[in-house]
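K.L.:
sequence-free structure coming up:
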């Protein structure tokens with residue numbers, strides 16, 4: 001174990017020293033010029049450095065705090081049994097001029113298994129304001145972290161801000177949906193479309209997260225459960241101890257219209273959660289008559305107004321214990 005840790009530390013130190021010497025990063029504090037206009041000499045493309053860390057065979061990888069944000073093009077991770085730690089104060093920022101494709105995400109996790117991204121005090125940020133004008137193609141899919149058909153993934157402690165889409169997006173390839181996904185103690189702020197979009201999930205937990213300031217394109221929600229097709233569904237999904245506030249759309253949306261005729265159930269529990277100062281606290285609509293299951297709000301603070309459409313066979317309850 002000690003040998004493995006020493007090898008991991010050697011990898012990080014060597015990669016960091018080599019990269020800093022070769023790129024001449026200026027000795028600025030993190031956070032400077034994060035979203036504002038940038039001079040060419042202030043920006044160094046760190047993509048190769050960051051991708052090399054993500055591609056490492058080590059079981060535990062640390063992405064260090066730099067003297068400035070690590071500016072990057074899209075990053076990708078396809079791994080099993082890996083823990084990635086973003087040091088406190090680490091900033092991963094979208095490279096100005098990159099992400100011209102409307103579906104390019106900051107970090108994409110593709111078919112990952114048993115992977116943790118932990119970043120207490122770390123920031124992942126994009127340049128939402130840039131994406132509204134040329135040369136950027138208009139789109140709402142420039143997500144902070146996109147999970148595609150992953151299993152056993154935990155995202156914890158990170159702040160994800162100013163994306164051109166969702167803070168976190170749970171997608172899937174065909175019938176292979178994300179499963180056993182945990183979002184814990186995340187701060188999702190000022191994102192363009194949603195704080196979190198759940199397209200399909202089996203055993204999903206969102207706990208201790210704060211979602212605020214979502215604004216830009218509809219529905220601008222805190223959390224949106226909305227399938228693209230009837231192949232997904234929402235099994236054993238839990239939102240617990242979260243704060244959803246000041247979002248331009250609803251705090252929580254459930255819109256399962258595309259599950260019609262699929263036989264997929266909706267199982268969503270929201271407990272000890274606050275939804276306030278949003279356009280709506282809760283919006284549940286587009287419920288097909290043949291969709292079964294439940295949506296339960298337990299011990300939640302749901303500030304007026306709530307919009308709950310026709311229930312059909314879907315059981316919806318709001319209760320205090």
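P.N.:
Sure, I can see it. A quick note: this is a predicted structure, and the numbers were derived from the prediction, not measured.
K.L.:
which stretches of the stretch 1-150 of the chain form helices?
P.N.:
Under the criterion DSSP state H, counting those that start in this stretch, the stretch 1-150 of the chain carries helices at the ranges 2-23, 47-54.
K.L.:
least reliable of the ones you listed going by mean pLDDT?
P.N.:
Lowest mean pLDDT of these: helix 2-23, a mean of 39.
K.L.:
report the contact partners of residue 184.
P.N.:
Listed by Cβ atoms under 8 Å, 6 or more residues apart in numbering, the contact partners of residue 184 are 154, 155, 156, 157, 205, 206, 207, 208, 209. Using the backbone N, CA and C atoms, a C-beta is placed for each residue, glycine as well.
K.L.:
now with 7 Å, please.
P.N.:
154, 156, 207, 208 (Cβ atoms under 7 Å, 6 or more residues apart in numbering).
K.L.:
show the pLDDT at it.
P.N.:
pLDDT at residue 184 comes out at 98.
K.L.:
okay, how far is it across stretch 283-294, tip to tip?
P.N.:
Using Cα to Cα, to the nearest Å, one end of stretch 283-294 lies 15 Å from the other.
K.L.:
buried ones in that stretch, by neighbour count?
P.N.:
For stretch 283-294, burial by neighbour count (16 or more other Cβ atoms under 10 Å) applies to 283, 284, 286, 287, 288, 291, 292, 293.
K.L.:
closest to residue 320 among the residues you listed?
P.N.:
Checking those against residue 320 by Cβ to Cβ gives residue 284 as the nearest, at 18.8 Å.
K.L.:
pairing partners for that closest one in the sheet, please.
P.N.:
Note on residue 284: beta-bridge partners by DSSP bridges are residue 254, residue 308.
K.L.:
that one contacts residue 256, doesn't it?
P.N.:
No - with contact defined as Cβ atoms under 7 Å, residue 284 and residue 256 do not form a contacting pair (8.8 Å).
K.L.:
what is the burial count for residue 81?
P.N.:
Neighbours of residue 81 under the rule other Cβ atoms under 10 Å: 12.
K.L.:
and it, what does it touch?
P.N.:
59, 114.
K.L.:
what of residue 236?
P.N.:
Each residue near residue 236 by Cβ under 7 Å, 6+ apart is listed here: 202, 203, 267.
K.L.:
next step: these restricted to strands.
P.N.:
Among the contacts of residue 236, the members falling in strands are 202, 203, 267 (criterion: DSSP state E).
K.L.:
how close does the second one sit to residue 238?
P.N.:
Meaning residue 203. 9 Å (Cβ to Cβ, to the nearest Å).
K.L.:
just to revisit the earlier point, output the contacts of residue 236 as a markdown table; include the columns pLDDT, distance to residue 123 and neighbour count.
P.N.:
Formatted as a markdown table, those follow (pLDDT from 0 to 100; distance: Cβ to Cβ, whole Å; neighbours: other Cβ atoms under 10 Å):
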| residue | pLDDT | distance to residue 123 | neighbour count |
| --- | --- | --- | --- |
| 202 | 96 | 30 | 17 |
| 203 | 98 | 28 | 16 |
| 267 | 98 | 33 | 18 |
